[in-house]
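Asker: Curious how this folds, go ahead:
(one chain, ligands or ions: 1)
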Amino acid sequence: MRKYIDSFRYALEGIVHGMKTEKHLRFHLFSAIIVIGLSMWTGLSQTEWFIVLLLIGGMFAFELMNAAVERVVDLVTTDYALLAKQAKDLAAGAVLVYAFVSACIGLIIFIPKWWR
Ligand SMILES: Nc1ncnc2c1ncn2[C@@H]1O[C@H](COP(=O)(O)OP(=O)(O)OP(=O)(O)O)[C@@H](O)[C@H]1O
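Answerer: Numbers count the residues shown, from 1 in each chain. Take a look at the predicted model:
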């Protein structure tokens, strides 16, 4: 049991560290507050809430993983290396794909409600 509590504590430390050091994560926190506020104001169904919260949580998870990749790459080398560039750009690309899909789904959910 102690091992699980420690793992949970380390994960929380990771989230707190990410929030302190990653400007993109702080931007996502700000965006998440706006989106949740808009969702409450608009009035979403249970399924729509499920989708919105899944997208918000996924965005945080992707950003945290991206920050982890950046650190591992910097741990391996801070010199210019093509593989280092590719690793960071691939991780950033994954975040961008998720953000784009999230924005599209958000528009599909919200626009018909606002234009009703
Ligand atoms: N060691 C390296 N070798 C080659 N290119 C690198 C290296 N480190 C970073 N880069 C390139 O510079 C870009 C920016 O890297 P950086 O580590 O500053 O991340 P970032 O995208 O600015 O993240 P953040 O905004 O969170 O600091 C990377 O996407 C990559 O293309």
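
Asker: For the rest of this, base every contact and every neighbour count on C-alpha atoms.
Answerer: Fine.

Asker: Tell me how many other residues surround the residue nearest to F62 when sequence neighbours are not counted.
Answerer: Nearest residue to F62 in three dimensions, chain neighbours excluded: V95, at 5.8 Å (CA to CA, 6 or more residues apart in numbering). Close neighbours of V95, defined as other CA atoms under 10 Å, add up to 20.

Asker: which stretches of this protein aren't confidently modelled?
Answerer: Along the chain, no part satisfies pLDDT under 70.

Asker: where along it do the helices fall?
Answerer: Ranges of helices within the chain are 2-21, 23-42, 46-76, 82-114, based on DSSP state H.

Asker: what's the closest of those to the ligand?
Answerer: helix 82-114 (3.7 Å; CA to the nearest ligand atom).

Asker: Could you figure out how far the closest one is turned away from helix 46-76?
Answerer: Put simply, helix 82-114 runs at 160 degrees to helix 46-76, going by axes from the mean of the first three to the mean of the last three CA atoms, to 10 degrees.

Asker: for the helices of the chain, which one ends up most surrounded?
Answerer: Mean neighbours per residue, mean count of other CA atoms under 10 Å, is largest over these for helix 46-76, with a mean of 16.

Asker: list the helices and strands it packs on?
Answerer: The contact analysis (3 or more CA pairs under 8 Å, 6 or more residues apart in numbering; DSSP states H and E) places helix 46-76 against helix 2-21, helix 23-42, helix 82-114.

Asker: helices and strands around the second one, which ones?
Answerer: Counting contacts by 3+ CA pairs under 8 Å, 6+ apart, the secondary-structure elements packed against helix 23-42 are helix 2-21, helix 46-76, helix 82-114.

Asker: So it, near the ligand or not?
Answerer: No: on the criterion CA under 6 Å from any ligand atom, helix 23-42 is out of touch with the ligand, staying 6.6 Å away.

Asker: what angle do that helix and helix 46-76 make?
Answerer: Orientation note: helix 23-42 sits at an angle of 180 degrees relative to helix 46-76 (the same axes, to 10 degrees).

Asker: This completes my enquiry, with thanks.
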